[in-house]
Structure formats: C-alpha cells, structure tokens
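Chemist: Dropping a prediction and its sequence here:
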Amino acid sequence: MQQNRIKQLLHSYKSGELSATDQSDWDLLIGSADFRQQLQQLMEDEMLQVEKSGDVDMIQWKPVLERILQIDQPVLSEPPVIVQPRIRSMRRWIWPAAAALVLLFGAAYYLWTKNAAEDPSKIVKSLQEIEAGKEGAVLTLADGRKVVLDSLANGIIAMEEGAQVTLQNGALQYAQIGSEKKEPQYNIMTTPRGRQFRIVLPDGTEVWLNAESSISFPVEFNATERRVEITGEAFFHVKSLNLPAFNGRPAIKVPFVVNVNRQLDIEVLGTQFNVNAYTNEKAIKATLTEGVVRVRTPDRAGEVSQTAMLMPGQLAAVNNGSNQILVQDADLEKVMAWRNGLFNFENVSLADAMFQLERWYNIDVEYENGIPDIWFSGKISRETSLAGLLKILEKTGVQFRLNGRKLTVLRDH
C-alpha cells in the first residue's frame with residue numbers, strides 16, 4: 001500500500017473520522033505484520049518530530065496504541081490506559097508513557113533517543129548492560145544436596161523417598177511412587193534474584209515462583225492435608241483432590257494449605273490465586289483469580305486469629321506484624337502482570353518500581369538524596385534489558401547511575 005494512503009488511514013483512525021471504505025481497509029490491514037511495521041515507523045517518525053517542537057498530545061495516539069496492543073498482546077484482559085501523573089508535568093511524562101506502551105510491540109527503540117539524529121546504539125552502550133531475568137532455580141533435596149536447574153536437560157534429576165523428580169520442558173515435576181518412610185521428606189525450590197520457575201507438585205498442583213522466592217513442600221503428600229510454605233511471590237493453580245468413599249465413609253476433599261511467612265494460612269480445595277509476601281513490602285497479599293479460598297492468621301499473644309473468605313477478584317491484605325485481614329477488590333491485571341511477562345507501572349511509585357527491578361535484574365538500589373516523589377504509568381515487557389528500561393524511566397526526570405550491580409537514583413533537581 002502507498003505510504004500516503006497508510007498515513008491518511010493512520011490520521012483518520014486517530015481522529016475517529018474513518019469512512020466506511022477506510023474502516024474496511026484499516027480492519028483488513030491492521031492484522032498484517034508488514035502493515036503494522038509500516039504503521040509503527042510512521043508513528044515513530046511523527047513522535048520524534050513533535051518532540052522537537054515540544055508540543056504533543058499523547059491522548060490522540062491512545063486508540064492507535066490500544067488497537068495494536070489488542071492484536072499483539074491478547075493476554076491482557078483490558079487495553080492499557082494512559083493515566084495522568086500525580087506530580088510530573090505532561091511534557092515530562094508523555095514520553096515514558098508512550099515508550100512503555102509502544103515497547104509492548106517493539107517500537108521503543110526509537111523513543112529512547114532524544115532526537116532523530118542520535119545513534120541508538122550509543123545510548124544503549126552508555127549504561128552497563130544487565131540482561132533481564134530468566135528461567136532458573138535451585139532445588140534443595142531432603143539430604144541437603146543442591147541442584148541448579150538453570151541449564152539442565154530434560155530427564156530425571158533426583159530420586160527421593162516417595163517421589164521421582166523430573167525436569168521437563170522448563171518445569172520441575174514430581175511423581176509420587178510410594179514410600180515406607182513415616183517421616184515426611186521435604187524439598188525446597190528457591191528462585192534467586194533474576195530467576196523465575198515453574199514446578200508441578202506431587203498432587204499435580206502447578207506453582208509459578210517469581211524472583212527471590214521459595215517454596216517448601218513434602219515430596220509425598222499425606223491423605224489428610226496438602227501443606228506447603230512460601231516466601232516471596234507465587235501463583236498457584238491447585239488441583240482438586242478427593243479421597244474416594246471407603247467402607248461406608250463418604251468421599252473426602254483433601255484441603256491444600258499455603259503457609260505464608262508463618263503469618264498467614266491460605267486454605268483451598270481447587271482454585272487459582274497469587275500470593276505476594278516479600279518482606280520489604282508493607283503487607284502480605286493473597287489475590288484470588290478463580291474458585292474460593294479461606295485466609296486465616298495465627299493466634300498471637302493478645303491477638304485473636306482472624307479469618308476471611310475470598311471470592312474471585314478479591315484480595316486479602318495483612319500488614320506485616322499484624323493479625324488484621326483487610327479484604328478489598330483487586331486489580332487483577334496488575335497482580336498478574338509478572339505471570340504475563342510484564343512490569344505494570346500503572347500508578348506505581350518510584351520506590352515500589354525499584355523493588356521490582358531489584359528482584360528481576362539482581363541489582364541493589366540506593367538513593368543519593370532520599371526517595372523522589374515520582375509516580376509512573378505504563379506497561380513494559382520484562383524481557384527488556386535494564387539499560388533500555390532505565391532510558392524510558394529517565395524521561396520522567398529522574399536520573400540513574402549504574403556501577404556494577406548497584407543502581408543509584410540521583411538527586412532530584
């Protein structure tokens with residue numbers, strides 16, 4: 001298609017003035033990768049031109065970005081929105097929002113430049129390159145031996161009393177084989193900073209561990225309760241397990257219990273939920289996406305145990321050191337962003353964003369002169385290198401210095 005025709009379609013769609021013929025051409029071509037590549041180039045060229053003039057209305061680009069994101073990112077339940085910043089001017093905020101959105105379909109390369117004449121390769125080299133996190137974990141066996149899972153090939157990696165441990169297509173899988181031992185044998189899977197991993201427990205329950213997290217579990221579950229312990233963040237898809245009726249006794253559903261930092265129990269029968277329990281976060285948060293769960297805090301000196309039931313779309317928050325459970329509606333898109341390969345920085349403070357970067361890029365963050373009161377908006381792929389991500393965040397006015405794996409947030413001028 002002629003460049004002028006593409007440009008005409010782009011501006012008509014942006015202004016909501018497509019004719020019936022234009023709409024037909026747009027719908028037909030938007031699904032074409034070649035067309036979207038041409039469209040992307042036009043968008044980048046125009047954005048770079050308006051940046052020079054200092055006058056850009058990002059809202060006009062919103063429908064175009066959303067339409068492309070609907071095609072390239074079907075995992076998102078809703079298209080991203082552009083939210084007004086709380087403290088930064090529109091001029092300083094527009095570009096990180098645009099870059100964060102465009103990053104999802106690979107166009108941020110040009111938006112990292114300050115003008116069209118700059119060489120993007122020089123910008124990337126201006127920061128030490130630290131790659132994004134990847135799949136990997138360390139498995140600690142019952143006898144204390146440690147197995148690094150990052151680069152192992154498919155196959156059996158261990159035989160425990162009561163279970164065969166196999167690595168298959170990037171996931172750790174347990175198969176119960178029975179054991180005469182009465183004492184349970186425990187394994188621990190740990191994801192260090194910069195790693196995430198999936199495990200299939202002996203009962204078929206799937207668990208995804210985020211970076212800097214761990215799960216402790218028996219290699220063979222008993223017939224009355226399936227209990228595991230976690231730290232950090234994990235997403236669970238719990239398999240329902242029933243003991244058949246026997247000798248006049250009715251069938252029994254075997255509960256699955258997750259103990260979180262020894263501060264909260266989550267009891268389920270068969271469901272999907274996310275737990276965020278990093279010790280540097282203000283609260284433990286359990287978010288339900290499917291099914292029903294019961295959360296319970298333990299008895300403490302002077303405090304009575306609290307219990308709450310969650311329905312899908314709700315989260316339970318327990319402040320560290322407290323027994324009180326607060327139930328509220330959850331932002332499922334934000335909660336599930338890490339599982340969908342994204343950083344979701346919608347209405348996220350600089351400090352909270354830095355917590356996520358520390359865990360995913362295996363870095364330490366310090367502040368030169370206190371924590372700037374900056375809030376971000378947008379979504380960025382977790383596959384983005386640290387250098388690329390920092391270039392986008394710097395468009396808000398905050399500056400960084402990277403020395404080894406120490407990232408310093410510089411004085412806010």
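Modeler: On my side now, so go ahead.

Chemist: can you list contacts of stretch 305-325?
Modeler: Stretch 305-325 has contacts (C-beta atoms under 8 Å, 6 or more residues apart in numbering) with 263-264, 273, 279, 281-300, 303-304, 326-330, 332, 335. The way it works is simple: take the backbone N, C-alpha and C, and place the C-beta from them, glycine included.

Chemist: Out of the residues you listed, list just those in strands.
Modeler: In strands, defined here by DSSP state E, the members of the contacts of stretch 305-325 are 264, 273, 283-290, 293-296, 326-329.

Chemist: out of those residues, which are buried?
Modeler: Neighbour-count burial within the ones in strands among the contacts of stretch 305-325 applies to 264, 273, 283-289, 293-296; the criterion is 16 or more other C-beta atoms under 10 Å.

Chemist: domains of the protein?
Modeler: Partitioning the chain according to automatic domain parsing yields domains covering residues 31-130+364-413, 131-221.

Chemist: ranking those by mean pLDDT, which is last?
Modeler: Mean pLDDT per stretch puts domain 31-130+364-413 lowest among the domains of the chain, at a mean of 60.

Chemist: so how many other residues sit close to residue 269?
Modeler: Here the number of neighbours of residue 269 (other C-beta atoms under 10 Å) works out to 17.

Chemist: Ignoring the adjacent residues along the chain, who's closest to it?
Modeler: Leaving out its chain neighbours, the residue that sits closest to residue 269 by C-beta to C-beta, 6 or more residues apart in numbering is residue 253, at 5.1 Å.

Chemist: pretty sure that neighbour is touching residue 271, no?
Modeler: No: shown here, residue 253 and residue 271 do not form a contact pair, counting by C-beta atoms under 8 Å, at 12.0 Å.

Chemist: follow-up on the earlier one: and the two most separated of the buried ones among the ones in strands among the contacts of stretch 305-325?
Modeler: 289 and 296 (19.7 Å; C-beta to C-beta).

Chemist: And residue 234, which helix or strand is it part of?
Modeler: Residue 234 belongs to strand 226-237 when elements are defined using DSSP states H and E.

Chemist: what mean pLDDT does that strand have?
Modeler: Within the predicted structure, the mean pLDDT of strand 226-237 is 96.

Chemist: ditto for stretch 296-312
Modeler: Average pLDDT, stretch 296-312: 84.

Chemist: who's more crowded, residue 253 and residue 271?
Modeler: residue 271 (20 against 11).

Chemist: quick one: that one from residue 282, how far?
Modeler: 25 Å (C-beta to C-beta, to the nearest Å).

Chemist: can you confirm residue 9 is in a strand?
Modeler: No: residue state for residue 9 (DSSP: H, G, I helix; E, B strand; the rest coil) corresponds to helix; a strand is not indicated.

Chemist: How about it: what's its closest non-neighbour residue?
Modeler: Distances taken as C-beta to C-beta, 6+ apart put residue 26 closest to residue 9, at 5.4 Å, once the chain neighbours are dropped.

Chemist: picking up where we left off before, what's in contact with the strand holding residue 234?
Modeler: The contact list for strand 226-237 (C-beta under 8 Å, 6+ apart) reads 191, 201, 203, 205-218, 241, 254-262, 268, 271-279, 336, 338-339.

Chemist: In JSON lines, list the buried ones among the ones in strands among the contacts of stretch 305-325 along with distance to residue 401.
Modeler: Conversion of those to JSON lines gives the following (distance: C-beta to C-beta, whole Å):
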{"residue": "264", "distance to residue 401": "38"}
{"residue": "273", "distance to residue 401": "39"}
{"residue": "283", "distance to residue 401": "31"}
{"residue": "284", "distance to residue 401": "33"}
{"residue": "285", "distance to residue 401": "32"}
{"residue": "286", "distance to residue 401": "37"}
{"residue": "287", "distance to residue 401": "35"}
{"residue": "288", "distance to residue 401": "41"}
{"residue": "289", "distance to residue 401": "39"}
{"residue": "293", "distance to residue 401": "44"}
{"residue": "294", "distance to residue 401": "47"}
{"residue": "295", "distance to residue 401": "42"}
{"residue": "296", "distance to residue 401": "45"}
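
Chemist: can you map out the helices along this structure?
Modeler: For the chain, applying DSSP state H gives helices covering 3-15, 20-30, 33-53, 62-72, 90-103, 108-111, 120-125, 332-335, 350-361, 386-393.

Chemist: by how many degrees do the first one and helix 20-30 diverge?
Modeler: Think helix 3-15. Angular relation of helix 3-15 and helix 20-30 on a 0 to 180 degree scale: 100 degrees, by axes from the mean of the first three to the mean of the last three C-alpha atoms, to 10 degrees.

Chemist: Okay, buried residues for helix 3-15 please.
Modeler: Applying a neighbour-count criterion of 16+ other C-beta under 10 Å, the buried positions in helix 3-15 are 6, 9, 10, 13, 14.

Chemist: Same question for the last one.
Modeler: When burial is assessed from 16+ other C-beta under 10 Å, helix 386-393 yields the following buried residues: 386, 387, 388, 389, 390, 391, 392, 393.

Chemist: Now do that helix: which elements does it pack against?
Modeler: Contact partners of helix 386-393 among helices and strands, from 3 or more C-beta pairs under 8 Å, 6 or more residues apart in numbering; DSSP states H and E: helix 90-103, helix 108-111, helix 120-125, helix 350-361, strand 400-403.

Chemist: Please list the outside residues in contact with the last one.
Modeler: So that's strand 400-403. Applying C-beta under 8 Å, 6+ apart, the external contacts of strand 400-403 come out as 127, 128, 130, 363, 386, 390, 393, 394, 407, 408, 409, 410.

Chemist: Can you give the strand pairings for that strand, parallel or anti for each?
Modeler: Sheet neighbours of strand 400-403, with direction, are listed as strand 406-409 (antiparallel) (DSSP bridges).

Chemist: For the strand it pairs with, buried residues please.
Modeler: By neighbour count on 16+ other C-beta under 10 Å, the buried set for strand 406-409 is 407, 409.

Chemist: Same check on stretch 307-318?
Modeler: Under the neighbour-count criterion of 16+ other C-beta under 10 Å, stretch 307-318 has 308, 310, 312, 314, 315, 316, 317, 318 buried.

Chemist: Tell me how far the first one lies from residue 318.
Modeler: In this view, residue 308 and residue 318 are 10 Å apart by C-beta to C-beta.

Chemist: for residue 20, same thing?
Modeler: Counting by C-beta to C-beta, the gap from residue 20 to residue 318 is 56 Å.
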